[in-house]
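> Quick check, what structure comes out for this input:
(4 chains)
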There are 2 protein chains.
Amino acid sequence: MKSTLSRPKARAALMQELEHAVRRSSALGVIFGQTVASRAGISSSDLECLDFLNLEGRVTAGRLAEVTGLTTGAITGVVDRLEKAGLVRRERDESDRRKVFIAPVPENIARIGKFYEHMQRAVLKDWESYSDAELKLLLRFMTQSYTTMLGAIEQLKAMMETPEGKAPSRKPAKAP
Amino acid sequence: MKSTLSRPKARAALMQELEHAVRRSSALGVIFGQTVASRAGISSSDLECLDFLNLEGRVTAGRLAEVTGLTTGAITGVVDRLEKAGLVRRERDESDRRKVFIAPVPENIARIGKFYEHMQRAVLKDWESYSDAELKLLLRFMTQSYTTMLGAIEQLKAMMETPEGKAPSRKPAKAP
DNA sequence: CTAATTATCTTATTAGCTAAGATATTGACG
DNA sequence: CGTCAATATCTTAGCTAATAAGATAATTAG
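Predicted structure coming up:
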């Protein structure tokens, strides 16, 4: 058994293990989000928007539609619910009065932040076990993953120009 | 500026950056799933179940309900749709005829696997740039994240015994 | 000034979820 | 055994949140 210098078998197996680990974590991330949303008394979509607002600050309704993949009509509903719950505020842009900025309301969002506290503490504790260099590697990994995923999403949207979603079944697309 | 031996400021900032990167990736992962599902002509929930079946092999309907957080009634609908699409098969357990195993049908799932191909290729290419040792570190990181998330989910389910979901609003939990 | 474009909201309809309970099977125990 | 509780899935009614299409309003280009 050639033992030294690159064992492609082991490396491939390692990558496959990593892939599985990533997929499992990713799936569990969805569950985590659902669980937080259910505890917070809002829908997963609403929480997804709220998370984005926390990360990016105030953005327009249209941008929320873009990043969530929802229609603008659906976003109207999301924002209605979040606004009623006091978690966001609608702010019309004075320089372009068509636009509506959705601004997070930090003092009320804190109420939801509580559901993340345990997780955050546990994660920071985990991360103590890594050196600075290792943390930098992890950061590079996550950043690279983000970019790659973005590319994959673009590619998916490009392949088959059928933005109408549902099963094409048999009909090769035809105007009604 | 004390330059050597642990700069806590830089380290905290690094962790915060990592946290942001993780959150962004996680959010984008949801979008990726939605995009694949829409291209494949099935719902996100259906794809989530299918992914799980691909990872774990055949499991009972009840287990699917557990891991997705859906009710068993909803799972009946998911499996009906997936079965009609030829992506899974219902198989009654002969030793306990109450149970229904849901088994993936690989030859038809391949059709959906196509939507993951680009992503998979891109990811493997990314990962070529890491040494074996680095891949092992990444694997440890993902595995640890999984476990920590699992714990956080348990903790969330434990805090407030209100499994009924929706907004408790003002009432501090009371038996009916 | 008009037409085209952009941004959000409205309305009608539908998909898919929950809750509750029906059905069927198994296991425990006198 | 026979009965009762427990387990596993399916069924049904009702509701929430999504889409699609189009209305409304503001901006930009000719």
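> Flag every buried residue along stretch A:129-144.
In terms of neighbour count (16 or more other C-beta atoms under 10 Å in any protein chain shown), stretch A:129-144 has its buried residues at A:Y130, A:E134, A:L135, A:L137, A:L138, A:L139, A:F141, A:M142, A:T143, A:Q144. All C-beta atoms are positioned from the backbone trio N, CA, C, and that covers glycine.
> got these as JSON lines, with pLDDT columns?
Shown next, in JSON lines, are the buried residues of stretch A:129-144 (pLDDT from 0 to 100):
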{"residue": "A:Y130", "pLDDT": "97"}
{"residue": "A:E134", "pLDDT": "97"}
{"residue": "A:L135", "pLDDT": "97"}
{"residue": "A:L137", "pLDDT": "98"}
{"residue": "A:L138", "pLDDT": "98"}
{"residue": "A:L139", "pLDDT": "98"}
{"residue": "A:F141", "pLDDT": "98"}
{"residue": "A:M142", "pLDDT": "98"}
{"residue": "A:T143", "pLDDT": "98"}
{"residue": "A:Q144", "pLDDT": "98"}
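> Could you work out the most separated pair of these?
The distance between the two most remote of the buried residues of stretch A:129-144 (C-beta to C-beta) is 17.4 Å, for A:Y130 and A:Q144.
> Pick out the residue nearest the middle of chain A.
In chain A, the residue lying closest to the centroid (C-alpha atoms, centre = their mean) is A:E48, at 6.9 Å.
> Give me the neighbour count for the residue nearest to A:L124 when sequence neighbours are not counted.
Once flanking residues are discounted, A:L124 sits nearest to B:M15: 6.5 Å by C-beta to C-beta, 6 or more residues apart in numbering or on different chains. B:M15 has 19 neighbours, counted by other C-beta atoms under 10 Å in any protein chain shown.
> Contacts only, for B:M15.
Contact analysis of B:M15 by C-beta atoms under 8 Å, 6 or more residues apart in numbering or on different chains lists A:L124, A:W127, A:L135.
> State whether it is indeed within a helix.
Yes. The assignment for B:M15 by DSSP: H, G, I helix; E, B strand; the rest coil puts it in a helix.
> So for it, what's the pLDDT?
pLDDT recorded at B:M15 is 97.
> What distance do you get for it to DNA strand C?
From B:M15 across to DNA strand C, the span is 34 Å (C-beta to the nearest atom of the strand, to the nearest Å).
> same thing with A:R81?
The spacing between A:R81 and DNA strand C, counted by C-beta to the nearest atom of the strand, is 12 Å.
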